[in-house]
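Asks: Quick check, what structure comes out for this input:
(chains A and B)
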There are 2 protein chains.
Amino acid sequence: MSTTITRADCAERDRQDPLRALRDRFDLPEGVIYLDGNSLGARPRTALARAQDVVAREWGIDLIKSWNTAGWFELPKRLGDRLAPLIGACAGEVVVTDTTSLNLFKALAAALQIQASGPNAGRRTIVTERSNFPTDIYMAEGLTRWLERGYQVRLVDSVEEIPAAVDDDCAVLMLTHVNYRTGYQHDMAALTRHAHAQGALAVWDLAHSAGAVPVDLHAAEADFAVGCTYKYLNGGPGAPAFIWVPARHQAAFSHPLTGWWSHAQPFAMAHGFAACEGIGRALCGTQPVLSLALVECGLEVFEETTMAAIREKSLGLTDLFIELVEATCADHPLGLVTPREHARRGSQASFTHPHGYAVMAALIERGVIGDYREPEIMRFGFTPLYTGYADVWDAVAILKDILDNASYDSALERSAVT
Amino acid sequence: MSTTITRADCAERDRQDPLRALRDRFDLPEGVIYLDGNSLGARPRTALARAQDVVAREWGIDLIKSWNTAGWFELPKRLGDRLAPLIGACAGEVVVTDTTSLNLFKALAAALQIQASGPNAGRRTIVTERSNFPTDIYMAEGLTRWLERGYQVRLVDSVEEIPAAVDDDCAVLMLTHVNYRTGYQHDMAALTRHAHAQGALAVWDLAHSAGAVPVDLHAAEADFAVGCTYKYLNGGPGAPAFIWVPARHQAAFSHPLTGWWSHAQPFAMAHGFAACEGIGRALCGTQPVLSLALVECGLEVFEETTMAAIREKSLGLTDLFIELVEATCADHPLGLVTPREHARRGSQASFTHPHGYAVMAALIERGVIGDYREPEIMRFGFTPLYTGYADVWDAVAILKDILDNASYDSALERSAVT
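Replies: Next up, the predicted model:
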């Protein structure tokens, strides 16, 4: 490799890594370098025993009593309180529930309702990026289409266009903090400040931020946020998502998905809907207990370190990856799409390649698990809790070998790589 | 006991019970007579190993690949196809996803949309019963309130009032097939026929029907249905719910919760929403895989018998329970609220008692697990897959003992018993 960095250097960095011990909190298969924790986080070691306990004891033996004795009813709030410090939220402001799509629907509906009751009642536009994760746009479109009354979604084509798009018809600025394809990280505080200055509310999707980069929702004065627990938070496949409603907005938090879990007295079985106080308003129906319970195994690991330490290592890993790829694969048509600037980078590094899909397939075959997103983008996610510097070195060596020997099938059909 | 039925008679019926072997498909704790399968079904024996496999292998080892190799993406449809025969649905018409509340929201939204595009476009009312499960009413209220345009929910106070309430402003008749408190079972075919004759659509909640009583949605010509997998279907605590959209309504099925799982090409990450064909339109966001996967363990058991055989035993169990309670506890102020008529009865028997909550607490302490619902209603659910006739005899003997000796604390606070 045409770099002065050696594998031994990387192994030495691993030895000095203060997060090194946390790797043992995860079970990862032998022979795999897992760079897809941005899509599905690895399994915390405690998750198997926890699943067994929920199934065998809580469900199998204690049965219906577990709603109270095992705290099933309180899980969305208990997990929310545990997640809160990772995103700069307070206790009583987060619940883990439903899906990111549904939580975004609730947040957008509430934001539009708040605007409709205030001085900007005439505003009709939700502004977002065309490059946002599609489901966010679909949900916003679904909401505005059904509300009618002139509501619409406006898509902007670049970060630079966002400020001007937040005009006097903009009710809500809805952004994903870290882009799922490029790893671009928005300046949450600045954009929220701009939205507020223009009379808009700011709704943030933290799917690729929570557990990946430091987030301080209160410092940014964000209005609402949603996010995912099965990526960097390692909560398990499809584990329920989260929603943050700051205390200052809770009294006005109102949305159409008014299920019994958001009722002031769910077991009174009252005939009229009366929303409870607090974050419970973001709940709807009965939650999938088993999937929900395992989210706690992921959150526990974060309590052994800090987001600052995770961020420092994350930047170390992505810097190293970018440097090694550019130094050793310079002859190949690779293009970095992730920002070099630290402040604008999430915890991933994405490169384009004309045969990106085929190259990724070859990498996966050799045990380097990343993924692929149209067009031509190979995504590599870096999860400091269980990925080391030598892993990065090994992954790049394999990438270089595949590219140098063109040992990928360039005719390979592009298809779904999650 | 002042009845000619003996415990030996009951044990003999158990010996001759064609479903007897299925009891071994469940793990139930020692010393418990579980009459709350109408709230949370018991644990199928296979569920523990399945949970271990999903957590340890599918998640832990195969990681992201499992979306394809373990069929995670297809789970909602695969489970839906497996559930379909239990409710008279066809393959490709059911998905297991989200919660009953959310699925009802989708079905109601779609039904209103279909009406708004047809000859009854001016209709604005959803008719339901005041005694319906509250979340059904709350969701209908949430939808109509947000739609504005004059939409409303109309509550009727008795079954007899339903036909007249389906008037020329009624867009949708929304009913729960079997009432959660009383166990009253509606005549689905007759009410659907009446709704259609009046120009309304019929949406059915099968929460207390699926796996409990025979249901034939196609024979009844119902329009949409939703239901629960964690009660009589034994899918596990809070397991995802189901929604049925018959083939004839799928092209017109449209609702606001348009997440990426309902997109025609979810991985194309296209910018505009384009609904897929078929039942996938009822999906929204990423599903909780672990909770979802265990639903299959519950469904497998049903393939070893028929709903006709289950129904026969269910009526045998509820008839026996009612007969024994009335014969042996005649001196106590118990009131049967479940219909005696078989055609109108679900798979539960509910009795009122002035100290119902306290009596139920005493029963639970003695290992007879039922539950309680305001006002004064003790609910006993009968699940023929794992409940026998001798269980019924024993449960009534304990109830009689508690009542005869007033060994319950009548001062006990009423509170949530799920």
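
Asks: any weak-confidence spans in the stretch 201-350 of chain A?
Replies: Along the stretch 201-350 of chain A, the model assigns pLDDT under 70 to no residue.

Asks: what does it put close to chain B?
Replies: In this structure, the stretch 201-350 of chain A approaches chain B at residues A:230, A:236-241, A:255-260, A:263, A:266-273, A:284-292, A:294, judged by CB under 8 Å from any CB of the partner chain. Backbone N, C-alpha and C define where each C-beta goes, glycine included.

Asks: Packing partners of the longest helix anywhere in chain A?
Replies: Counting by DSSP state H, the longest helix found in chain A is helix A:307-328. Under the contact criterion of 3 or more CB pairs under 8 Å, 6 or more residues apart in numbering or on different chains; DSSP states H and E, the helices and strands touching helix A:307-328 comprise strand A:335-336, strand A:348-352, helix A:389-404.

Asks: Make a PyMOL selection of the buried ones in the residues of the stretch 201-350 of chain A next to chain B.
Replies: For the buried members of these, the matching PyMOL selection, counting by 16 or more other CB atoms under 10 Å in any protein chain shown, is:
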select buried, chain A and resi 230+236+237+238+239+240+241+255+256+257+258+259+260+263+266+267+269+270+273+284+285+286+287+288+289+290+291+292+294
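
Asks: Out of the residues of the stretch 201-350 of chain A next to chain B, name the ones that lie in helices.
Replies: Among those, the members falling in helices are A:289-292, A:294 (criterion: DSSP H).

Asks: can you list the residues that contact the lengthiest strand in chain A?
Replies: As far as residue count goes, and with DSSP state E defining each element, the longest strand of chain A is strand A:170-176. Taking contacts as CB atoms under 8 Å, 6 or more residues apart in numbering or on different chains, the residues outside strand A:170-176 that touch it are A:104, A:108, A:111-112, A:115, A:120, A:123-129, A:132-133, A:136, A:140, A:154, A:162, A:166, A:186, A:191-192, A:195, A:198-208.

Asks: The nearest residue to A:Thr99 once chain neighbours are set aside: what's it in contact with?
Replies: The spatially closest residue to A:Thr99, leaving aside those adjacent along the chain, is B:Gly285, at 3.1 Å (CB to CB, 6 or more residues apart in numbering or on different chains). With contacts defined as CB under 8 Å, 6+ apart, the neighbours of B:Gly285 are A:98-102, A:135, A:241, B:259-261.

Asks: what about B:Gly285, distance to A:Val95?
Replies: From B:Gly285 across to A:Val95, the span is 16 Å (CB to CB, to the nearest Å).

Asks: And A:Ala270, by the same measure?
Replies: As judged by CB to CB, A:Ala270 and A:Val95 stand 21 Å apart.

Asks: Need the residue closest to the centroid of chain A.
Replies: A:Ala207 (1.8 Å; CA atoms, centre = their mean).

Asks: Skipping adjacent residues, who's closest to that residue in space?
Replies: A:Cys228 (4.2 Å).

Asks: Distance from the chain centre to stretch A:347-367, please.
Replies: Averaging C-alpha coordinates over stretch A:347-367 and over its chain gives two centres that are 21 Å apart (CA atoms, centre = their mean, to the nearest Å).

Asks: Pull that stretch out as PDB, backbone CA atoms only.
Replies: Included here for stretch A:347-367 are C-alpha records, laid out as PDB according to Å, rounded to 0.1, in the frame of the first residue of the first chain:
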ATOM      1  CA  SER A 347     -20.300   8.100  11.400                       C
ATOM      2  CA  GLN A 348     -20.000   6.700   7.900                       C
ATOM      3  CA  ALA A 349     -17.900   7.000   4.800                       C
ATOM      4  CA  SER A 350     -19.500   6.600   1.400                       C
ATOM      5  CA  PHE A 351     -17.700   6.200  -1.900                       C
ATOM      6  CA  THR A 352     -19.100   6.000  -5.400                       C
ATOM      7  CA  HIS A 353     -17.800   3.500  -8.000                       C
ATOM      8  CA  PRO A 354     -19.200   2.900 -11.400                       C
ATOM      9  CA  HIS A 355     -19.600  -0.800 -10.400                       C
ATOM     10  CA  GLY A 356     -20.400   0.000  -6.800                       C
ATOM     11  CA  TYR A 357     -23.000  -2.700  -6.500                       C
ATOM     12  CA  ALA A 358     -20.700  -5.400  -7.800                       C
ATOM     13  CA  VAL A 359     -17.800  -4.300  -5.700                       C
ATOM     14  CA  MET A 360     -19.900  -4.300  -2.600                       C
ATOM     15  CA  ALA A 361     -21.200  -7.800  -3.400                       C
ATOM     16  CA  ALA A 362     -17.500  -8.900  -3.700                       C
ATOM     17  CA  LEU A 363     -16.600  -7.200  -0.400                       C
ATOM     18  CA  ILE A 364     -19.500  -9.000   1.300                       C
ATOM     19  CA  GLU A 365     -18.400 -12.300  -0.100                       C
ATOM     20  CA  ARG A 366     -15.000 -11.600   1.500                       C
ATOM     21  CA  GLY A 367     -16.500 -10.800   4.900                       C
END
